[in-house]
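K.L.:
give me a 3D structure for the following:
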Amino acid sequence: MQRIVSTHLTKLRLFQFKLKSTTCLVNKMSVHVKNSCHDALTMFKAGIQAVLPNQMVKNTLCMEGNILKVKDRTYRLNHNVHVVAFGKAVIGMVRATDDVLGNHIVDGVASVPAGITDILKEANKMDLLPNDASPVKVIEGAVHNLPDKDSYQAAQDVHTLAKSLTAEDILIVLISGGGSALLPAPVPSITLEEKCHVAKVLGSKGATIHELNTIRKNISTLKGGGLAVTAYPAKVITLILSDIIGDDIGLIASGPTVVNNSTHQQCLDILDKYNVREEIPQSVINYLTMQDDRVQDQSVDFSHVQNIIVGNNHIAVTAAVREAEKLGYFPFIFSTSLYGEAQEVSDLFVHIATLLYCLYEGNAEKAEAVGDLLKEKFERHKHDIQRIQELVKICVEDKKAIAVIGAGETTVAVTGSGLGGRNQELSLAAGIAMNQIPEYKEIERKGYKVTLLSGGTDGQDGPTDAAGALAYPSQVTWARESGFNAEHYLHNNDSYNFYKKFGEGKDHIITGLTGTNVMDLNILLVIPPND
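P.N.:
Numbering: from 1, shown residues only. The predicted structure is shown next:
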């Protein structure tokens with residue numbers, strides 16, 4: 001394995017969950033709260049372990065002699081395989097591809113997050129690293145998930161490799177979440193800095209990943225099908241670990257091997273939706289307002305491409321459910337398609353806990369009122385809320401603890417100058433809401449325990465070294481007594497520093513880069529008294 005390492009290394013550890021606490025907070029925190037936090041972390045870890053990429057790739061690439069079978073297609077190998085990879089989880093995918101195809105692989109380029117090789121070595125996860133003899137060159141870059149000169153160089157190397165291929169060659173493309181930052185190749189009239197500025201502006205306004213990637217693929221040479229066009233006439237096999245709600249392969253890493261059906265006008269409409277044209281570099285506006293949309297090479301019909309989803313958040317959620325059952329909880333999958341503002345989704349979970357409390361207490365009238373409020377406020381989840389009301393009756397009657405598990409990806413409209421990410425913001429907003437809603441005083445007084453975890457399966461929440469954070473009803477009160485104003489931190493979008501400073505980081509989730517990426521997991525635990 002050739003390895004090019006960024007000079008910026010993030011020294012983190014994989015799966016070493018951070019649960020530090022000061023003496024006074026240890027004394028205050030009940031055994032139940034500590035246990036529920038540990039349970040939530042255990043479920044989160046199980047979800048991540050289930051989507052480590054090795055086995056998923058090996059399940060997809062099936063060798064019989066010199067014939068490679070991939071689903072319903074076959075390929076004849078004769079030392080004619082080339083590999084390109086980009087994303088937070090692809091280093092393990094490269095290893096698995098190496099293991100299956102062996103010396104049929106001629107060369108390759110993998111663009112991976114800065115520091116991930118050392119992190120995996122420290123965690124003794126050698127099975128996720130390519131062998132020293134691998135012909136695939138590994139380039140580390142995109143510090144804090146932002147495109148940089150190293151990831152830009154990797155993209156240039158990918159383009160050069162793809163352009164050199166012939167009809168006798170096979171290109172295996174390995175993609176996971178984070179691929180957009182690790183394959184930055186703007187069109188010639190737009191600089192890397194200008195392209196990054198567009199993403200920063202839209203991200204700060206709360207643009208969805210669908211909107212961001214729509215623009216990315218229209219101002220890139222490799223995204224939006226550009227890689228597949230460049231590699232033609234070689235056969236292209238793309239294995240994808242999905243980090244997009246609904247598994248839209250045209251949006252995962254901005255769809256480098258998928259026909260681009262979006263238009264320049266749609267990009268301009270997105271800019272207008274957020275009223276940001278004045279903040280966008282003129283070169284980008286000029287490119288998008290050209291009279292004709294970029295016309296993809298019509299001589300390439302993409303019949304040479306096979307795109308396959310090898311893993312997604314359903315697998316992670318299923319594993320978290322199994323772990324919840326082992327720990328004695330009644331697990332309930334709320335949704336694997338959560339989206340929207342982080343603070344709004346936190347409000348959803350906080351009120352679900354209130355609904356469960358009312359059901360536990362046998363207060364049917366109040367439970368119905370809370371349920372109706374939830375359905376009105378979160379209309380797109382009204383059927384999920386109805387299922388909760390119907391399915392939890394048995395465990396409520398038995399006073400059995402409940403684990404409500406969700407997954408997806410929220411956004412944050414940044415108005416402050418702090419540091420954070422969507423998961424940390426979601427948890428902090430939940431902790432504040434729990435402190436303010438009157439029912440939570442009753443919940444605590446009667447001995448119920450409520451814990452919410454929100455974490456990114458990639459181990460990197462926003463431009464930070466944290467995966468996410470935990471929240472529970474007494475968190476904000478204890479923080480206030482320790483001199484931390486949670487509301488101030490939230491208002492400044494500074495959730496990272498709140499969790500880092502409060503209790504010496506005891507409620508921060510620090511995993512290090514995990515080697516996978518299937519969006520976020522949200523785990524709400526509600527434990528009745530005497531469970």
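K.L.:
hey, let's count contacts and neighbours off CA atoms from now on
P.N.:
Noted.
K.L.:
burial measure for Gly65, as a count.
P.N.:
8 (other Cα atoms under 10 Å).
K.L.:
for it, give me phi and psi.
P.N.:
The phi/psi pair for Gly65 (degrees, to the nearest 10) reads phi 70, psi -120.
K.L.:
per-residue confidence for it?
P.N.:
Listed pLDDT for Gly65 reads 95.
K.L.:
what of Ile388?
P.N.:
Per-residue confidence (pLDDT) for Ile388: 87.
K.L.:
quick one: what helix or strand has it in it?
P.N.:
Assigned by DSSP states H and E, Ile388 belongs to helix 382-391.
K.L.:
packing partners of that helix?
P.N.:
Applying 3 or more Cα pairs under 8 Å, 6 or more residues apart in numbering; DSSP states H and E, one finds that helix 382-391 makes contact with strand 330-338, helix 364-377.
K.L.:
quick one: that helix to strand 330-338, angle?
P.N.:
Angle, helix 382-391 to strand 330-338, by axes from the mean of the first three to the mean of the last three Cα atoms, to 10 degrees: 180 degrees.
K.L.:
could you point out which element follows helix 382-391?
P.N.:
Sequence-wise, the next helix or strand downstream of helix 382-391 (DSSP H and E) is helix 393-397.
K.L.:
if we can go back for a sec, which of the helices and strands packed on helix 382-391 sits most buried?
P.N.:
strand 330-338 (a mean of 20; mean count of other Cα atoms under 10 Å).
K.L.:
for the record, mean pLDDT for that one?
P.N.:
Mean predicted confidence for strand 330-338 is 95.
K.L.:
direction included, what does that strand pair up with?
P.N.:
When sheet partners are counted by DSSP bridges, strand 330-338 sits next to strand 402-408 (parallel).
K.L.:
off-centre distance for the strand it pairs with?
P.N.:
In this view, strand 402-408 has its centroid 15 Å away from the chain centroid, taken as Cα atoms, centre = their mean, to the nearest Å.
K.L.:
next, the buried residues of the helix or strand that comes right after that strand.
P.N.:
Downstream of strand 402-408, the first helix or strand assigned by DSSP H and E is helix 422-436. Neighbour counts over helix 422-436 (16 or more other Cα atoms under 10 Å) mark 422-435 as buried.
K.L.:
now find how far off-centre helix 422-436 is within its chain.
P.N.:
Using Cα atoms, centre = their mean, the offset of helix 422-436 from its chain centre is 19 Å.
K.L.:
check stretch 121-139 too.
P.N.:
With Cα atoms, centre = their mean, you get 22 Å for stretch 121-139.
K.L.:
ok, stretch 211-221 next?
P.N.:
Centroid separation between stretch 211-221 and its chain, computed with Cα atoms, centre = their mean, is 19 Å.
K.L.:
ok, stretch 276-284 next?
P.N.:
Stretch 276-284 sits 28 Å away from the centroid of its parent chain (Cα atoms, centre = their mean).
K.L.:
equivalent analysis for stretch 390-407, please.
P.N.:
When distances are taken as Cα atoms, centre = their mean, stretch 390-407 is centred 26 Å away from the chain's centroid.
K.L.:
buried residues of that stretch, list them for me.
P.N.:
Val392, Val396, Lys399, Lys400, Ala401, Ile402, Ala403, Val404, Ile405, Gly406, Ala407.
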